[in-house]
Structures are given as structure tokens and as C-alpha cells.
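>>> A structural model of the following input is requested.
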Amino acid sequence: MAKNVVPEAKEALNRFKMEAANEVGVNLKQGYNGDLTAKQAGSIGGQMVKKMIQSYENSMK
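Predicted structure coming up:
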């Protein structure tokens, strides 16, 4: 697992991940989620990247 440079960011990253999972319709639980399919996990990661790019683009305007 990657180390967070800013430990306080862990909670914010978890909230971001839960929000992204909710947006793509994946039921993400607190704690262990090893029972997710690769498709579900990928859709969460993809949504997170999409939102980060969107946020960056909006900041450029």
C-alpha cells in the first residue's frame, strides 16, 4: 500500500473514494472490500480520475 505524504489526507481520500463508488453504483464498505470485482474496482478508480481531471480543468478557467 502506498504511503500518504500527508497522513491527514487519508480520511479525505476515503471520502472521495466512497463518493466515487456511490456515483458509479458500487456498494463500497468501510474496511475490507476484497470481494469487489475488477470491473467494480476499476469503475471506482476511473470515476476518481475523471473527477480529478474535471476539477483540474475547472481550476484552469
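
>>> how about Pro34, secondary structure?
I think there's a mix-up here, since residue 34 is Gly and not Pro. Assigned state for Gly34: coil (three-state reduction, DSSP: H, G, I helix; E, B strand; the rest coil).

>>> and it, how many neighbours?
6 (other C-beta atoms under 10 Å). All C-beta atoms are positioned from the backbone trio N, CA, C, and that covers glycine.

>>> cool, and Ser59?
7.

>>> what packs against the helix or strand hosting Val49?
Using DSSP states H and E, Val49 falls within helix 38-60. Contact here means 3 or more C-beta pairs under 8 Å, 6 or more residues apart in numbering; DSSP states H and E; on that basis helix 38-60 packs against helix 9-23.

>>> tell me the angle of the helix holding Val49 relative to helix 9-23?
Using axes from the mean of the first three to the mean of the last three C-alpha atoms, to 10 degrees, the direction of helix 38-60 lies 110 degrees away from that of helix 9-23.

>>> Show the average pLDDT along stretch 11-29.
Here stretch 11-29 scores 94 as its mean pLDDT.

>>> now what about it, what contacts it?
Stretch 11-29 has contacts (C-beta atoms under 8 Å, 6 or more residues apart in numbering) with Asn4, Leu36, Gln40, Ser43, Ile44, Gly46, Gln47, Met48, Lys51.
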